[in-house]
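Chemist: here is the input, now give the coordinates:
(one chain, ligands or ions: 1)
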Amino acid sequence: MTAIDELPPLRDVIRRHELSAQKSLGQNFLLDLNLTARIARGSGPLEGAQVVEVGPGPGGLTRALLALGAARVVAIERDRRCVAALAEVADAYPGRLQVIEGDALKVDVHAYLEPGPVRVVANLPYNVATLLLVGWLSSDPWPPWFTSLTLMFQREVAERIVAAPGSKAYGRLAVLAGWRTQAKILFDVAPSAFVPPPKVTSSVVHLVPRPDPMPCRLADLERVTEAAFGQRRKMLRQSLKSLGVSAGELLERTGLPETERAEEIDVAGFVALARAFAEMRATPAG
Ligand code: SAM
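Modeler: Numbering: from 1, shown residues only. Okay, the predicted model is just below:
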């Protein structure tokens, strides 16, 4: 393995700072700097880029981002022990790494960003990974403040993000991700790559915001996907009844067959449903 920087091996960092992995914080560390460099490269050109990283841990991915030329990394970490370890990385890259101690679900990252494009790159803590992704995908205004998201998930979650209609994994997450971004799985990472190894395979997903998603309100899209996938085995004429408008008229307005099920409807179909739902609520039947 070739060294990407002059800093000590991550195993030494973990030993010196006593970073025994805590399950409650979703701590599965990547120690192979070739692998972290592969994830960093997957995010796109980093030269001069500003990066937000969630959960830098002992700093493997952080070091790769900096070594590959990121102008600035803003890293949010909940575990104080890791914050101390990251101070050494900050010293090696003066003025380029800012570590914020806190919960990424609560920190307002905008307060730390400089004007210009931002990439989000993270080996996410699995317990909050989907919540964080949904938060980023729900950004308002759109196009959002980031130019890409390059994120590690459990393989099963990655499949739900990129799923196509007709597949078992297709659901609300795939509709939201597909509506607002182009999402793809870059590569899988075996459990053995992590310390400690998780039980399941992981995947790196790359999402690029669509500059111009099909127009509809996020809240309306959420309502229709919630209703449709809440009863995914039922036909739409049944599952959409929970919306409180006539399901028959809703389907007629969109031209979707009322015998179809949620998993057969593509993103354009759900956008059409969301728009028709908004129209019907604006002009309630006589
Ligand atoms: N990036 C490191 C790596 O690849 O080795 C660590 C990844 S580990 C899967 C997840 C990291 O997220 C841990 O360092 C953990 O302490 C941190 N973390 C967990 N929950 C967090 C939260 N709510 N906000 C910020 N960081 C969190």
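Chemist: which residues does stretch 29-43 contact?
Modeler: 1-5, 9-11, 14, 19, 21, 46, 51, 57-58, 60-61, 63-65, 67-68, 70, 119, 121, 123, 148, 150, 152, 186-187, 189, 193-195, 204, 206 (C-beta atoms under 8 Å, 6 or more residues apart in numbering). (Glycine included, C-beta is placed from N, CA and C.)
Chemist: which parts of this protein sit against the ligand?
Modeler: For the chain, the residues in contact with the ligand under the definition C-beta under 6 Å from any ligand atom are 25-30, 54-57, 60-61, 76-79, 82, 103-105, 123, 125, 128.
Chemist: quick one on the thing from earlier: please flag which of the contacts of stretch 29-43 sit within strands.
Modeler: 51, 119, 121, 123, 148, 150, 152, 186-187, 189, 194-195, 204, 206 (DSSP state E).
Chemist: returning to that earlier point: so of the residues of the chain next to the ligand, which ones are in strands?
Modeler: 29-30, 54, 76-77, 123.
Chemist: would you check which pair of those lies furthest apart?
Modeler: 30 and 76 (17.4 Å; C-beta to C-beta).
Chemist: can you tell me the closest non-neighbouring residue to the residue of the stretch 1-150 of the chain found nearest the ligand?
Modeler: Closest approach between the stretch 1-150 of the chain and the ligand, counting by C-beta to the nearest ligand atom: residue 55, at 2.1 Å. Distances taken as C-beta to C-beta, 6 or more residues apart in numbering place residue 125 nearest to residue 55, at 5.1 Å, with adjacent residues excluded.
Chemist: hang on, the earlier thing: buried subset of the contacts of stretch 29-43 as a ChimeraX selection?
Modeler: Command for ChimeraX that selects the buried part of these, burial taken from 16 or more other C-beta atoms under 10 Å:
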select :4,10,14,19,21,46,51,57,58,60,61,63,64,65,67,68,70,119,121,123,148,150,152,186,189,193,194,195,204,206
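Chemist: circling back: go ahead and confirm the residue nearest to residue 55 touches residue 22.
Modeler: No - in this structure, residue 125 is not within contact of residue 22 by C-beta atoms under 8 Å, at 10.0 Å.
Chemist: neighbour-wise, which of these two wins?
Modeler: Of the pair residue 125 and residue 22, residue 125 is the one with more neighbours under other C-beta atoms under 10 Å, namely 22 against 12.
Chemist: list the contacts of the more buried one.
Modeler: 25-27, 54-55, 78.
Chemist: picking up where we left off before, roughly how far does the residue nearest to residue 55 sit from residue 159?
Modeler: The gap separating residue 125 from residue 159 is 19 Å, by C-beta to C-beta, to the nearest Å.
Chemist: what's the burial count for the residue nearest to residue 238 when sequence neighbours are not counted?
Modeler: Distances taken as C-beta to C-beta, 6+ apart place residue 231 nearest to residue 238, at 6.8 Å, with adjacent residues excluded. A count of nearby residues for residue 231, using other C-beta under 10 Å, gives 16.
Chemist: what about residue 231, distance to residue 242?
Modeler: To residue 242, residue 231 is 8 Å away according to C-beta to C-beta.
Chemist: neighbouring contacts of stretch 212-221?
Modeler: Outside stretch 212-221, the residues that touch it by C-beta under 8 Å, 6+ apart are 138, 140, 142, 175-176, 179-180, 267-268, 270-271, 274-275, 277-278.
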